[in-house]
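Peer 1: predicted structure and sequence below. I'll ask about it afterward.
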Amino acid sequence: MNPIPDAEALYVELLRGVQSLMQADTRLVGVTSGGAWLVERLQKDLGLPGAPGIISSAMHRDDFARRGLAASAQTSLPFDVDGADVLLLDDVLYTGRTIRAVLNELFDFGRPARVRLAVMIDRGGRELPVAADFAAQKLELPATQLLALARSESGAFSFKVEESK
């Protein structure tokens, strides 16, 4: 089994990667929930004004009946999506299905000029042709394992690995 990655160290790498992708008009949008936690902290650490965007994949999931809609999973995009340079952030990129659903949700709000993706971990296993513009780490895990970002009350990040059911 692979060791559990150090989420705080990967956050530092993600911060560097996001800085290299940022332009003056780039808008950060985090995918609920891990990506939302990341974008909140990035917005602060980068000294960006205003609130970051939060986007939910719930309404566009192809497994909606199984997963359901979480009460906290609401999209909030405090900017005009039309013509925007959007940088999506998520904790773990795996099959690509969440990103496909998020792109559908984003286009419900308008047509961005460009959409890029930055993630903490790219674990491979893609089922759709989705790639990150930046991944802090690539990590292969068995398909039976789930990797999820956790956040403590103090705001510190960690990863947890669970066996899928």
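Peer 2: Perfect, I can see it now.

Peer 1: alpha carbons only for contacts and neighbour counts from here, please
Peer 2: OK.

Peer 1: need the contact list for residue 148.
Peer 2: By Cα atoms under 8 Å, 6 or more residues apart in numbering, residue 148 lies in contact with 34, 91-92, 159-161.

Peer 1: of these, which count as buried by neighbour count?
Peer 2: 34, 91-92, 159 (16 or more other Cα atoms under 10 Å).

Peer 1: possible to save these as JSON lines with secondary structure and distance to residue 150?
Peer 2: As requested, the buried ones among the contacts of residue 148 are exported to JSON lines (DSSP: H, G, I helix; E, B strand; the rest coil; distance: Cα to Cα, whole Å):
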{"residue": "34", "secondary structure": "helix", "distance to residue 150": "7"}
{"residue": "91", "secondary structure": "strand", "distance to residue 150": "10"}
{"residue": "92", "secondary structure": "strand", "distance to residue 150": "12"}
{"residue": "159", "secondary structure": "strand", "distance to residue 150": "6"}
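
Peer 1: which outside residues touch stretch 33-50?
Peer 2: Residues contacting stretch 33-50 (Cα under 8 Å, 6+ apart): 15, 19, 28-30, 51-55, 73, 89-91, 148-151.

Peer 1: just the ones of these in helices?
Peer 2: 15, 19 (DSSP state H).

Peer 1: can you select the buried ones among the contacts of stretch 33-50 for me in ChimeraX?
Peer 2: Buried residues within the contacts of stretch 33-50, by 16+ other Cα under 10 Å, are selected in ChimeraX with:
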select :15,28,29,30,51,52,53,54,55,73,89,90,91,149,150
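
Peer 1: fine, thanks again, bye for now.
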